[in-house]
Structures are given as structure tokens and as C-alpha cells.
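# Can you look at this prediction? I've put the sequence above it.
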Amino acid sequence: MSGEHRRAGAPQGPPWSLDQLADLHAGVLDEQTAEELRNQVQDDPEAQEILAALEATSADLAALPSLTIPDDVSARIEAALEDEVRAWTEQQQTAAPTAPAGGGQVVDFAAAKQRRRRRFTLGAGLVGVAAAAAAVVFAVLPTGTRDSGVPQAQPPAPAPGSKPPLALQGGQVHLTGPQFADALTSQQYLGALNEPQQLLGCLQANGVTSGKPLGAREITLDGRPAQLLVLPTGEAGRFRLLTVAPDCGPDNPATISDSTFGG
């Protein structure tokens, strides 16, 4: 089959791409393309490891509670929807004032709200799955494909009303699957660690010389406020869970717990 006649989405390149593996796992490829790709990757350890990571992440996310829309957010969305429909209707009436009485379309606001709510709930769930899966795929990439050099930590400031610290017990940090998915998809920094230079110094003091946190989560460990940082280890499917005190910084590692997840 020549390149000019190759089907869109068919396996290309040496020998597959991450997008193709994600599409194969999601079941969105046509049967012929999926079969070709399965044959290509069935004996490829790296491809099988990525598919396994995607499957494990999907299972962890499936165990999480269903997403809901806060009432105030839903009210703002509904108001914006009504404003848009009203503006569009007025524009159509202005553009075609002589249109036949039966030619316009009557908009049912209640039906539109219900359709919008269903689409929003489904879309929010898919976005959450995609974000966590992308983070896991990045973590299992070969070391040579990641950026090198000093950490370039630029965490955003936590939003008002953000979720409370994750409460853990036991001296060392050990996470369940849902807890790990929560930490991996969070960028929640404690105190001075919101400052890039403070975080950079903290990472360097703890021996992190390349990369940046894949996720960050405020926690309490045995009642003590702490910062959990999810870091790559260079091993596929294995992550470093570095927990430090809020005053961690240059020349002050302030390490509370240093454990791993996965592998």
C-alpha cells in the first residue's frame, strides 16, 4: 500500500506513535487499522507497557466518584446559554425581518439546558480521563524523550476554595490508585513552594537535577502539613513520591517521606 493511498489513522512511522496507541486503547480505530496496529505492537515491550499503563489508569479513574456540576456554575452556564440563544435570535430577526412566520425555529430553553447538561457531564469526565492518561503516558516515555537540564518549576497559585489537603497516616506516604490519580493530576503547592525559585531549590536539595513535578498535592501526614511531589523515576510505570515540609528550599531538603508508587 503506497503512502498516497494509506488510510488516515493507519499505523505509520517506526513503528507506532503514542496517539495511535491511545486510539487503539480507546477503541476508536476501524477494525482493519486496529488489527494492523495490534500485530505491530504485540511483541513490543515498550508499547505493551504504555497500553498497560493506560489500562491501569482507566481502572483507577473508573473507581472515582462521578463528576457533578456545582449549582452556581450550572446557573452561570444556563444564563450564558440563554443570553447566546437570545442574541442569536435577535440577530436573525434583524437580518431577515420579512421572513415567513413559519420559517423560524422556536428554541425550547428547557430542552436546550437538559441537552447541555448531558453534554457537559460527559465531556468533563472524558477530559479528566484524557488528562490523567496523558500524564501516565508521559511518565512511561523513554528517558531520552524527556527534556533535560535543571528543573523549570512554574506551579500556578492555588485557586480560592481549592480542595482540602489529602490526609494520610503511617509515617511514610503510600497511596491508593485513586489517591495517586488525584495527586498526579493536581498542581497544588503549599506556602512558599508556590514560588518557582523556592520549589527549584527544594528539588535540587533533594537530588532532583532534571524534570519537574508531574503532580503536586497538599497533604497532612500524621496530622503534619506537608507537600507531596510526584516525580518521574526513569523507570516505566514507577513514580517517586517525595514529601517535604513547607519550608523546603535551597540547601534545606526538609524531607519527610521518600517512597515510590507503581513498578
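Structure received. As the structure is a computational prediction, the values presented were derived from the model and not from experiment.
# Leaving out chain neighbours, which residue sits closest to Ala181?
Asp60 (4.8 Å; C-beta to C-beta, 6 or more residues apart in numbering). Just so you know, the C-beta spots here come from the backbone N, C-alpha and C atoms, and that holds for glycine as well.
# name the element the one you found belongs to?
Asp60 is part of helix 45-62, with elements assigned from DSSP states H and E.
# What average pLDDT does that helix get?
Summarised as a single mean, pLDDT over helix 45-62 is 82.
# Check which helices and strands it sits against.
helix 18-26, helix 31-41, helix 109-139, helix 177-184 (3 or more C-beta pairs under 8 Å, 6 or more residues apart in numbering; DSSP states H and E).
# can you list contacts of the last one?
For helix 177-184, the surrounding residues in contact (C-beta atoms under 8 Å, 6 or more residues apart in numbering) are 56-57, 59-61, 63-64, 132, 135-136, 166, 175, 214-217, 228, 230, 239, 241, 261-262.
# May I have stretch 43-60 as PDB, with CA atoms only?
Extracted C-alpha coordinates of stretch 43-60, given in PDB (Å, rounded to 0.1, in the frame of the first residue of the first chain):
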ATOM      1  CA  ASP A  43       5.800  -8.200  20.700                       C
ATOM      2  CA  ASP A  44       7.000  -4.600  21.500                       C
ATOM      3  CA  PRO A  45       7.600  -4.400  25.300                       C
ATOM      4  CA  GLU A  46       7.500  -0.600  25.300                       C
ATOM      5  CA  ALA A  47       4.200  -0.400  23.500                       C
ATOM      6  CA  GLN A  48       2.700  -3.100  25.800                       C
ATOM      7  CA  GLU A  49       3.900  -1.200  28.800                       C
ATOM      8  CA  ILE A  50       2.200   2.000  27.700                       C
ATOM      9  CA  LEU A  51      -1.000   0.100  26.900                       C
ATOM     10  CA  ALA A  52      -0.900  -1.500  30.400                       C
ATOM     11  CA  ALA A  53      -0.400   2.000  32.000                       C
ATOM     12  CA  LEU A  54      -3.400   3.300  30.100                       C
ATOM     13  CA  GLU A  55      -5.500   0.400  31.200                       C
ATOM     14  CA  ALA A  56      -4.400   0.800  34.900                       C
ATOM     15  CA  THR A  57      -5.200   4.500  34.800                       C
ATOM     16  CA  SER A  58      -8.600   3.800  33.300                       C
ATOM     17  CA  ALA A  59      -9.400   1.300  36.000                       C
ATOM     18  CA  ASP A  60      -8.300   3.800  38.800                       C
END
